[in-house]
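Asker: sequence-free structure coming up:
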């Protein structure tokens, strides 16, 4: 009997303690609405820009070829240097052309002597004809001889001029001013008149052309936007164009669009646009690959949202999470046109005044109540990045885990 009493007392104490614990348990606190950062949509005017590939080309190019046949005696320029129009580039052996010119000059002198003799004979024949000492036939023959001599003199002068031109062609001169490339011949080489291979090539590179390719579909879209008034011209005189070089740096000078080709390339379905750029520092070289940034026009009342606020569902539809009037999250399908920097240009789906969630998308499920905080600057460093569309469902379409409730103490 004495051993039973302690056991009963222990049971009573244990029951009392357990009952006390159950009576002291507090109900779990209701979870508060999660905070999200929102951006209020405000329409604005934006400049629509398009980046297109292009190649540089010189504004003027001339291939230097000899116009007479001869042996190259010397080269009078440094490869890669600037040359002036009319400056001597090559000197050919002039011996045979000098001889031909001297012979032509002698023929001119002989023809001039014949003309003088014919004039004196005609003068005497005229005097004799007036006194009826010679016949009309003799006078006419003297006049004809003079005209033939004058014609021979004119032919001799023309031949002398041609010989002089050929002699001058032994000095091969620059047809234009510009930068000359490498020489294809050296002293002692035989060159022929109008040969297919140029001796050198001269290019004018200030200013410089940039030939840009644009798809015909994109050109039609731009024209329709201009015609409908959706876009306004950025500049009335010519479209503004800037360049990005191969290494990603920006070209320091601005260019202007000159013309658009009227023919579509059948193999690529693209048209060629040509822009003109100043090139005083010779940064642009012929056939250099560049990216041209064209200002297509200005769109008024455009709606922009950060790219991090737009996600994609499993069908690829652009989705934005919008906070409604009662702070309830709504999934809003969007129609996006293009990216402008770090923003999406939205064509449909948002209205001015809508509050778009830009941070905290992982806590913003459709239908959930949230506590919106207006964005006051750039996204915080700890903002969750939005998963790209290629990975499947976006972060906004993935259900967020429910807040964990306080666990009751174990018994």
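Answerer: Yep, it's here. Please read these numbers as outputs of a predicted model, since none were measured by experiment.
Asker: C-alpha only now, for contacts and for neighbours.
Answerer: Noted.
Asker: Next, the contact list for the residue nearest to residue 254 when sequence neighbours are not counted, please.
Answerer: Among residues not flanking residue 254 along the chain, residue 242 sits closest, at 5.2 Å (C-alpha to C-alpha, 6 or more residues apart in numbering). Counting by C-alpha atoms under 8 Å, 6 or more residues apart in numbering, residue 242 touches 250-251, 253-255, 292-294.
Asker: 7 Å instead, please
Answerer: Residues in contact with residue 242 (C-alpha atoms under 7 Å, 6 or more residues apart in numbering) are 254-255, 292-294.
Asker: Where does it fall, secondary structure wise?
Answerer: strand 240-244 (DSSP states H and E).
Asker: What residues of that strand count as buried?
Answerer: Within strand 240-244, the residues scored as buried using 16 or more other C-alpha atoms under 10 Å are 240-244.
Asker: likewise stretch 55-62?
Answerer: For stretch 55-62, by 16+ other C-alpha under 10 Å, it's 55-62.
Asker: ok, for the residue nearest to the spatial centre of the chain, nearest residue in space, not its chain neighbours?
Answerer: The centroid of the chain falls nearest to residue 292 when counting by C-alpha atoms, centre = their mean (2.5 Å). Distances taken as C-alpha to C-alpha, 6+ apart place residue 243 nearest to residue 292, at 4.6 Å, with adjacent residues excluded.
Asker: Tell me who's in contact with the one you found.
Answerer: Shown in contact with residue 243 (C-alpha under 7 Å, 6+ apart): 250-251, 290-293.
Asker: again, 10 Å this time
Answerer: By C-alpha atoms under 10 Å, 6 or more residues apart in numbering, residue 243 lies in contact with 51-54, 210, 249-255, 277, 290-294.
Asker: before we move on, the earlier item: okay, and which of the contacts of residue 242 map to strands?
Answerer: 255, 292-294 (DSSP state E).
Asker: what helices or strands is the longest strand along the chain leaning on?
Answerer: Counting by DSSP E, the longest strand found in the chain is strand 44-64. When contacts are defined as 3 or more C-alpha pairs under 10 Å, 6 or more residues apart in numbering; DSSP states H and E, strand 44-64 sits against strand 178-180, strand 200-215, strand 240-244, strand 270-277, strand 289-306, strand 329-340.
Asker: among these, which is nearest residue 90?
Answerer: Taking C-alpha to C-alpha, strand 200-215 is the member of the helices and strands packed on strand 44-64 nearest to residue 90, at 10.2 Å.
Asker: Report all helices and strands that the closest one contacts.
Answerer: By 3+ C-alpha pairs under 10 Å, 6+ apart, strand 200-215 packs against strand 44-64, strand 82-83, strand 178-180, strand 255-260, strand 270-277, strand 289-306.
Asker: Please identify the most buried of these.
Answerer: For these, the largest average neighbour count (mean count of other C-alpha atoms under 10 Å) is found in strand 178-180, namely a mean of 22.
Asker: immediately after that one, which helix or strand?
Answerer: Counting by DSSP H and E, what follows strand 178-180 is strand 190-191.
Asker: what pLDDT, on average, does that following strand get?
Answerer: Taken as a whole, strand 190-191 has a mean pLDDT of 95.
Asker: what sits up against that strand?
Answerer: Here strand 190-191 makes contact (C-alpha under 10 Å, 6+ apart) with 65-73, 92-93, 185, 197-199.
Asker: and the two most separated of these?
Answerer: Across the contacts of strand 190-191, no pair lies farther apart than 93 and 197, at 19.6 Å, counting by C-alpha to C-alpha.
Asker: before we move on, back to that, so the residue nearest to residue 254 bridges to which residues?
Answerer: Residue 242 forms beta bridges with residue 293, as assigned by DSSP bridges.
Asker: what's the distance between it and residue 196?
Answerer: Distance, residue 242 to residue 196, by C-alpha to C-alpha, to the nearest Å: 38 Å.
Asker: Same check on residue 132?
Answerer: 67 Å.
Asker: One more: residue 68?
Answerer: Taken as C-alpha to C-alpha, the span from residue 68 to residue 196 is 13 Å.
Asker: Those two: which has the busier surroundings?
Answerer: Between residue 68 and residue 196, counting by other C-alpha atoms under 10 Å, residue 68 is the more crowded of the two (21 against 10).
Asker: check contacts around that one.
Answerer: By C-alpha under 10 Å, 6+ apart, the contact list for residue 68 reads 92, 97, 165-172, 191-195.
Asker: any idea which element it lies in?
Answerer: Here residue 68, judged by DSSP H and E, is contained in no helix and no strand.
Asker: again, but for residue 217
Answerer: Per DSSP H and E: residue 217 is located in helix 216-228.
Asker: what's the average pLDDT for that helix?
Answerer: 70.
Asker: Pairing partners for the closest residue to residue 258 other than its chain neighbours in the sheet, please.
Answerer: Nearest residue to residue 258, sequence neighbours excluded (C-alpha to C-alpha, 6+ apart): residue 275, at 5.2 Å. As for beta bridges, residue 275 partners with residue 210, residue 257 under DSSP bridges.
Asker: Who has more neighbours out of residue 93 and residue 197?
Answerer: Using other C-alpha under 10 Å as the criterion, residue 93 and residue 197 rank with residue 93 on top: 18 against 14.
Asker: Now do the more buried one against residue 42, distance only.
Answerer: 78 Å.
Asker: same question, residue 142
Answerer: 102 Å.
Asker: More neighbours: the two, which one.
Answerer: Just comparing residue 142 and residue 42: by other C-alpha under 10 Å the higher neighbour count belongs to residue 142, 19 against 15.
Asker: Can you read off the pLDDT for the more buried one?
Answerer: Predicted confidence (pLDDT) for residue 142: 90.
Asker: just the one 5 residues further on next, same as before
Answerer: For residue 147, the pLDDT comes out at 94.
Asker: Give the helix, strand or coil label for it.
Answerer: Applying DSSP: H, G, I helix; E, B strand; the rest coil to residue 147 yields a three-state assignment of helix.
Asker: Could you measure from it over to residue 181?
Answerer: Plainly put, residue 147 is 53 Å away from residue 181 if you go by C-alpha to C-alpha.
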